[in-house]
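K.L.:
Coordinates for the following, if possible.
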Amino acid sequence: MAELSNFQKQILFGQRGEPLYTQQEFDQALAAAKAEGIMTTVPDAALLRSRRIFVGGQSCAVGPVRVAYGTVLAAGQVLRHDVETPGLLVVPPPPTPGERIYDVVCRHPDRVVRNNLIYIGNLLALDQWYRHVRVGFMGRTPWGARCHAGAMQRLDEALRERMERLNAFVRIIGTDAERACFPGGWELVRERVAQALEVRAGSGSIEAITPIVAALDGATWIEAIQRLDADAAAIVRTWLKSWVSIIVDGAGKQAPS
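P.N.:
Purely as a prediction, here's the structure:
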């Protein structure tokens with residue numbers, strides 16, 4: 001996980017030099033550009049069936065990036081693009097050397113927004129996984145229950161922090177870029193996401209997986225997940241993907257899953 005890009009002073013000052021933002025606001029906007037790399041997706045990761053992602057020594061990713069399962073990132077590389085095809089050995093090309101004018105706030109704000117929304121959707125799916133499935137295993141002991149409570153608190157913080165960061169990023173990219181990313185307006189998208197986060201504690205959406213979860217009782221966590229048959233695993237995966245879609249599809253066509 002790394003900084004997305006550096007904003008220039010032109011964001012902080014207008015043509016006449018008047019501050020458009022305070023230094024604190026500018027620093028916050030810089031922080032908002034930091035986005036997580038999605039090295040896994042919750043609907044697949046939760047089922048413990050996918051090939052591992054291998055990141056070679058001295059390698060890193062400039063977020064936000066999405067990386068498919070089975071990817072092997074060669075040693076000593078910097079990944080700057082999405083890898084959506086599973087099972088590839090990736091040796092990214094180096095940047096073109098030289099000096100050139102740099103006057104762009106963010107070259108691809110639509111991609112940044114899309115990947116952030118996908119990330120938030122996966123956080124929401126993980127929240128549901130812990131809320132309705134992991135709780136039955138972690139709650140078997142007092143210390144496990146406390147760990148579960150801590151995990152839920154961290155997930156809540158992560159969801160709200162990501163929305164705050166994305167909101168700050170949208171605020172800084174400019175009106176034209178915002179309209180391109182959100183034809184219906186960012187405020188409408190933000191309201192939809194906020195509604196999804198507020199209702200996530202409900203139990204009305206778990207009917208599809210209730211019999212599957214009940215059948216896992218008595219096994220250890222790893223045993224329980226690995227003994228799910230293909231049909232049960234498909235049902236669980238679809239259920240988790242539905243939570244990702246609440247965020248991604250609710251935001252508009254600019255953020256396909």
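K.L.:
Isn't Ile206 up against His132?
P.N.:
Yes - between Ile206 and His132 a contact is recorded at 5.1 Å, counting by C-beta atoms under 8 Å. Heads up, the C-betas are built off the backbone N, CA and C, glycines and all.
K.L.:
what sits in contact with each of these two?
P.N.:
By C-beta atoms under 8 Å, 6 or more residues apart in numbering, Ile206 and His132 have these common neighbours: Val213.
K.L.:
For the top helix by length along the chain, the averaged confidence score.
P.N.:
Using DSSP state H, we find that the single longest helix of the chain is helix 142-173. For helix 142-173, the mean pLDDT works out to 90.
K.L.:
Buried residues, it. List them.
P.N.:
The neighbour-count check on helix 142-173 (16 or more other C-beta atoms under 10 Å) flags 148, 151-152, 155, 158-159, 162-163, 165-170, 172-173 as buried.
K.L.:
In terms of secondary structure, what does that helix contact?
P.N.:
helix 23-32, helix 109-129, helix 135-138, helix 175-181, helix 186-198 (3 or more C-beta pairs under 8 Å, 6 or more residues apart in numbering; DSSP states H and E).
K.L.:
Give the buried residues for the third one.
P.N.:
When you say that, I think you mean helix 135-138. Within helix 135-138, the residues that qualify as buried by neighbour count (16+ other C-beta under 10 Å) are 135, 137-138.
K.L.:
Need the residues that contact the strand or helix carrying Asp231.
P.N.:
With secondary structure defined by DSSP states H and E, Asp231 is part of helix 230-251. The set of residues external to helix 230-251 that reach it, using C-beta under 8 Å, 6+ apart, is 41-44, 46-47, 49, 117-118, 120-122, 124-125, 127-129, 182, 189, 192-193, 196, 205-206, 208-209, 212, 215, 228, 255-257.
K.L.:
Next, the angle from that helix to helix 109-129.
P.N.:
Here helix 230-251 points in a direction 130 degrees away from that of helix 109-129 (axes from the mean of the first three to the mean of the last three C-alpha atoms, to 10 degrees).
K.L.:
Need the CA coordinates for helix 230-251. PDB is fine.
P.N.:
C-alpha atoms of helix 230-251 as PDB (Å, rounded to 0.1, in the frame of the first residue of the first chain):
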ATOM      1  CA  ALA A 230     -19.000 -26.800  -4.200                       C
ATOM      2  CA  ASP A 231     -22.700 -25.900  -4.100                       C
ATOM      3  CA  ALA A 232     -22.500 -24.500  -0.500                       C
ATOM      4  CA  ALA A 233     -19.300 -22.600  -1.400                       C
ATOM      5  CA  ALA A 234     -21.000 -21.100  -4.400                       C
ATOM      6  CA  ILE A 235     -24.000 -19.900  -2.300                       C
ATOM      7  CA  VAL A 236     -21.600 -18.300   0.300                       C
ATOM      8  CA  ARG A 237     -19.600 -16.600  -2.500                       C
ATOM      9  CA  THR A 238     -22.800 -15.200  -4.100                       C
ATOM     10  CA  TRP A 239     -24.000 -13.900  -0.700                       C
ATOM     11  CA  LEU A 240     -20.700 -12.100  -0.100                       C
ATOM     12  CA  LYS A 241     -20.600 -10.700  -3.600                       C
ATOM     13  CA  SER A 242     -24.000  -9.300  -3.100                       C
ATOM     14  CA  TRP A 243     -22.600  -7.100  -0.300                       C
ATOM     15  CA  VAL A 244     -19.800  -5.900  -2.600                       C
ATOM     16  CA  SER A 245     -22.400  -5.100  -5.200                       C
ATOM     17  CA  ILE A 246     -24.400  -2.900  -2.800                       C
ATOM     18  CA  ILE A 247     -21.600  -0.400  -2.800                       C
ATOM     19  CA  VAL A 248     -20.200  -0.900  -6.300                       C
ATOM     20  CA  ASP A 249     -23.500  -1.100  -8.200                       C
ATOM     21  CA  GLY A 250     -25.100   1.500  -6.000                       C
ATOM     22  CA  ALA A 251     -22.500   4.000  -7.000                       C
END
